[in-house]
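Visitor: Please find the sequence and the predicted model below.
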Amino acid sequence: MLIDVRHVNREVVYDLETEVVSFGPAVTGAEISEKMLSVGRFFPHGHTPSVAVGGFLLAGGQGWFFRSWGLTAEMWVLKMEVTQLKLHLKRGTDITFGTFYPEKYDPKRISDEIQDSSTLVMAASVVAYTNSLEQVAWLMAAFSDSRLPEHLISAVKPMLCNLPTRQSAGCLVAAHICPSEINMAGSLPQEYYIAAMCCWTDPDKDNVMHEKLRHVNEVAKSVACGLYVADFNTKWPVSKVMPDSAFTRFTEIRQKWDPEESFQGYRGLNNEVQNTDQ
Ligand SMILES: Cc1cc2nc3c(=O)[nH]c(=O)nc-3n(C[C@H](O)[C@H](O)[C@H](O)COP(=O)(O)OP(=O)(O)OC[C@H]3O[C@@H](n4cnc5c(N)ncnc54)[C@H](O)[C@@H]3O)c2cc1C
């Protein structure tokens, strides 16, 4: 059964008295942002404004400045105290590296193919949210001497550099966060979030693309402690999305409330992938 929640409570309501924000699951990052800005608040949704906040928050939510403020579900929903929000709003920084072919953004191109003449580029995006330029300089100084360990670079290089199509991209975000297991099951520490974002238009390429993704994930496995749950794929070698103790508790709750297994999205979570053809 598939439930379409697109029109369920499709609104953002801000209660001036309690300062609590309520919204339906299909509300997008752009919709919630617009409403929050109109009342002088900020909600750290994901980097693509058209993504819905229902699944975003269930995954934990790597919102704007999550490196400084933590996952959105933990810092902004579970502990929705306005004093805390004001405190956190004082400063935040994000540093993200993206790899892509420049033709990715060429509106005239439609093909998935990478041209022989194209060169892979790496771009860094550093964003700071503070009250003054002095604070920007102080915050950014933290990045100037940082280096990625050599073994990490070789393990994630295929993920970032072996892009299979013109539209694909690699992404490395310095996260440095340790979500609390008391607050949420999805509490794997995130030192770096590294992802291959493969895009293709030809459905005949599905198997080849999944195989390429499986391969780069296999190589990265040696340095990964787990996988961000929003990226979960039963065919990949890394399937751990939460610490073992959280998974045990999650399993108990799931078995209690859904003994018939009506909701099967949990399958494969935290398990070793035995058969990639399943
Ligand atoms: C282009 C793009 C950019 C992205 N950027 C980011 C980013 O910057 N940061 C980030 O953290 N994530 C990002 N994501 C991942 C995104 O957060 C997840 O894909 C998320 O699941 C999308 O939310 P959704 O409501 O559409 O979820 P769906 O795909 O509809 O649902 C995800 C899961 O949650 C369940 N679910 C959804 N709503 C409910 C509900 N109300 N009650 C119970 N179960 C529910 C679904 O059954 C499903 O198992 C991005 C995804 C895309 C496609």
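Guide: Perfect, thanks for sending it.

Visitor: ok, Cys209 - contacts?
Guide: For the record, residue 209 is Met, not Cys. By Cβ atoms under 8 Å, 6 or more residues apart in numbering, the contact set of Met209 is 164-165, 198, 200. (Glycine included, C-beta is placed from N, CA and C.)

Visitor: what's the nearest residue to Tyr228 if we skip its chain neighbours?
Guide: Spatial nearest neighbour of Tyr228, excluding adjacent residues (Cβ to Cβ, 6 or more residues apart in numbering): Tyr193 at 6.2 Å.

Visitor: What is the burial count for that neighbour?
Guide: Counted with other Cβ atoms under 10 Å, residues neighbouring Tyr193 total 17.

Visitor: Equivalent analysis for Pro237, please.
Guide: Counted with other Cβ under 10 Å, the neighbours of Pro237 add up to 17.

Visitor: in a strand, that's where the residue nearest to Tyr228 is, yeah?
Guide: Yes. Using DSSP: H, G, I helix; E, B strand; the rest coil, the assignment for Tyr193 is a strand.

Visitor: Can you pull the residues of the protein lying near the ligand?
Guide: Contact residues, the chain versus the ligand (Cβ under 6 Å from any ligand atom): 5, 25, 46-48, 51-52, 54-56, 58-59, 61-62, 230, 265.

Visitor: Please list the members of the residues you listed that lie in helices.
Guide: Among the residues of the chain next to the ligand, the members found in helices (DSSP state H) are 54-56, 58.

Visitor: what residue ranges in the chain score low on pLDDT?
Guide: 78-90, 272-278 (pLDDT under 70).

Visitor: Centroid-nearest residue for it?
Guide: Geometric centre of the chain, nearest residue: Gln62, 4.7 Å, by Cα atoms, centre = their mean.

Visitor: Look up phi and psi at that residue.
Guide: Here is the backbone geometry of Gln62 (degrees, to the nearest 10): phi -90, psi 90.
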